[in-house]
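Participant: sequence and predicted structure below; questions after.
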Amino acid sequence: MIEDKERWNKRHIEKPMLHEVAKIVEKYGEKANVARALDIACGTGRNTHFLEALGFSVDAVDLSDYALSQIKDTPTITKIETDLDTYNLSENKYDLVVNCNYLNRRLMSQITNSLVDGGLVIFETFIVAHDTPERGSMNPDYLLKKNELLDAFIDLDIVYYEERDGVNLRGENNKIASLVAKKTKVK
């Protein structure tokens, strides 16, 4: 974990990412009940700050203490420095869960369980480029397969799903999967 933390701290310092809110969060964030939100792998808080401005109390989770130090200190943002490989999400706690540009398959079912009834998940990350050779800069363990994101949340009400060409936070071309889904009560 210390090695990963140092690597991410160095990455945030030497190759800062864009600070703009993710377009999918901007478009769908206000469709959730404004109460408690979770920003997984929040980085320097681009989505955290946006959600807080909408009125959410936000749990901002990341391994990098440097990234978390860039998030403003406010009573409505709780910074949680932890290794997401071992962190477990609380059940029935969040009205909104945001997961952008990060993949930890172990957390996918936990995300569903962490949502309250009516809660919304916004998930966007990279997928394997099926029509082009592998992109050498990304570890395939951290790339979704075609329709994997959709399959992981198929028990929720799918509001939006798309796989498309996109650009990552460093301006590199990638393939991206985007999903917005709502948890509804089982009748």
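Facilitator: Cool, got the structure.

Participant: list the contacts of the spatially most central residue of the chain.
Facilitator: Nearest to the mean C-alpha position of the chain, by C-alpha atoms, centre = their mean, lies residue 99 at 1.2 Å. Counting by C-beta atoms under 8 Å, 6 or more residues apart in numbering, residue 99 touches 40, 41, 107, 111, 121, 122, 123, 124, 125. From N, CA and C alone the C-beta is placed, and that goes for glycine too.

Participant: residues in contact with the fourth one?
Facilitator: With contact taken as C-beta under 8 Å, 6+ apart, residue 111 is in contact with 40, 89, 97, 99, 121, 123, 153.

Participant: which parts of the helix or strand that contains the fifth one are buried?
Facilitator: This points to residue 121. Taking DSSP states H and E as the definition, residue 121 sits inside strand 115-127. Using 16 or more other C-beta atoms under 10 Å as the test for burial, strand 115-127 gives 115, 116, 119, 120, 121, 122, 123, 124, 125, 126, 127.

Participant: what packs against it?
Facilitator: Strand 115-127 is packed against helix 23-28, strand 94-100, helix 105-114, helix 148-152, strand 173-182, with contacts defined by 3 or more C-beta pairs under 8 Å, 6 or more residues apart in numbering; DSSP states H and E.

Participant: just name the most buried of the ones you listed.
Facilitator: Neighbour counts (mean count of other C-beta atoms under 10 Å) averaged over each of the helices and strands packed on strand 115-127 peak at strand 94-100, with a mean of 25.

Participant: SS state for residue 60?
Facilitator: With DSSP: H, G, I helix; E, B strand; the rest coil as the basis, residue 60 sits in strand.

Participant: specify the beta-bridge partners of it.
Facilitator: residue 39, residue 79 (DSSP bridges).

Participant: now do the strand holding residue 121 against helix 105-114, angle only.
Facilitator: Using axes from the mean of the first three to the mean of the last three C-alpha atoms, to 10 degrees, the direction of strand 115-127 lies 150 degrees away from that of helix 105-114.

Participant: distance between strand 115-127 and the chain's centre?
Facilitator: Counting by C-alpha atoms, centre = their mean, to the nearest Å, strand 115-127 is centred 8 Å from the centre of its parent chain.

Participant: and the gap between the residue nearest to the centre of the chain and residue 76?
Facilitator: In this view, residue 99 and residue 76 are 20 Å apart by C-beta to C-beta, to the nearest Å.

Participant: cool, and residue 85?
Facilitator: Counting by C-beta to C-beta - residue 85 and residue 76 are separated by 27 Å.

Participant: who has more neighbours, those two?
Facilitator: residue 76 (14 against 11; other C-beta atoms under 10 Å).

Participant: so that one touches residue 60, yeah?
Facilitator: No: assessed by C-beta atoms under 8 Å, residue 76 is found out of contact with residue 60, at 10.5 Å.
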